[in-house]
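>>> Sequence below, structure please.
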Amino acid sequence: MKYSDKKFNALLSCVAAKFGKKTPLKVTHYITDRCNLLCEYCYAKKFQKGPAELTTQQVKDSMKEFASFGCTTWVLIGGEPLVRSDIGELIDYGQSLGMIVNLVTNASFVPQKLDQVCRADNLYTSLDGEKEIHDAIRGKGSYDAVMKAIDLVQGARHLC
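Take a look at the predicted model:
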């Protein structure tokens, strides 16, 4: 399904919601607490050894159930979602259900997983300020990783 078709379906769901149809339009799924960074402000570092993650099948079952309720958008966030070996499979599955699948990443693993990242409908990353500020908050080299990821994704538009 084309991205424009998915956006149109999301718009229809929003209109239906205005007329009283209760639909979970968007799910923001904290798919993992694991992360390669230890950002100053982040909750995830408190849970690095926390509860077990859902299995690939459990995530797919959740996606399918929410899609059956009319959910149009699935956001994969963490921790760092790219630490999961199944992230590409989950992106593909959500899209096969007709959902917009968005990925929120710190960008560290984009070079290694570019083909999987490019399958997401939208990619989100953050810059906390100039290089010195960003690196102070997220860790040395993280600013350069974000900038490299942006360049890679822009250069790989034929994949995306």
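>>> in the protein, which ranges drop under the pLDDT threshold?
Low-confidence regions of the chain, defined here as pLDDT under 70, cover residues 44-51, 158-160.
>>> May I see the buried residues of stretch 75-92?
75-84, 86-88, 90-91 (16 or more other Cβ atoms under 10 Å). Heads up, the C-betas are built off the backbone N, CA and C, glycines and all.
>>> quick one, phi psi at the residue nearest to the spatial centre of the chain?
Centroid-nearest residue in the chain: Leu103, 1.9 Å away (criterion: Cα atoms, centre = their mean). According to degrees, to the nearest 10, the main-chain angles of Leu103 amount to phi -130, psi 130.
>>> give me the element the residue lying closest to Lys60 once chain neighbours are set aside is part of.
Counting by Cβ to Cβ, 6 or more residues apart in numbering, Lys60 lies nearest to Tyr93, which is 5.2 Å off, once chain neighbours are set aside. Element membership for Tyr93, per DSSP states H and E: helix 87-96.
>>> what separates that helix from the chain centre, distance-wise?
Centroid displacement of helix 87-96 relative to its chain, using Cα atoms, centre = their mean, to the nearest Å, is 11 Å.
>>> which outside residues touch that helix?
Contact with helix 87-96 is made by 1, 31, 56, 59-60, 63, 74, 76, 81, 84, 101, 103, 113, 115-116, 119-121, as judged by Cβ atoms under 8 Å, 6 or more residues apart in numbering.
>>> Kindly recompute the last result at 10 Å.
Contact partners of helix 87-96, identified using Cβ atoms under 10 Å, 6 or more residues apart in numbering, comprise 1, 3, 6, 27, 29, 31-32, 56, 59-60, 63-64, 66-67, 71, 73-76, 78, 80-82, 84, 86, 99-103, 105, 109, 113, 115-121.
>>> Quick check: ChimeraX command selecting the buried ones in those.
Here is the ChimeraX selection string for the buried members of the contacts of helix 87-96, based on 16+ other Cβ under 10 Å:
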select :6,27,29,31,32,59,60,63,66,67,71,73,74,75,76,78,80,81,82,84,86,99,100,101,102,103,105,109,113,116,117,118,119,120,121
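>>> Point out the ones among the contacts of helix 87-96 that are inside helices.
The members of the contacts of helix 87-96 that map onto helices under DSSP state H are 3, 6, 56, 59-60, 63-64, 66-67, 115-117.
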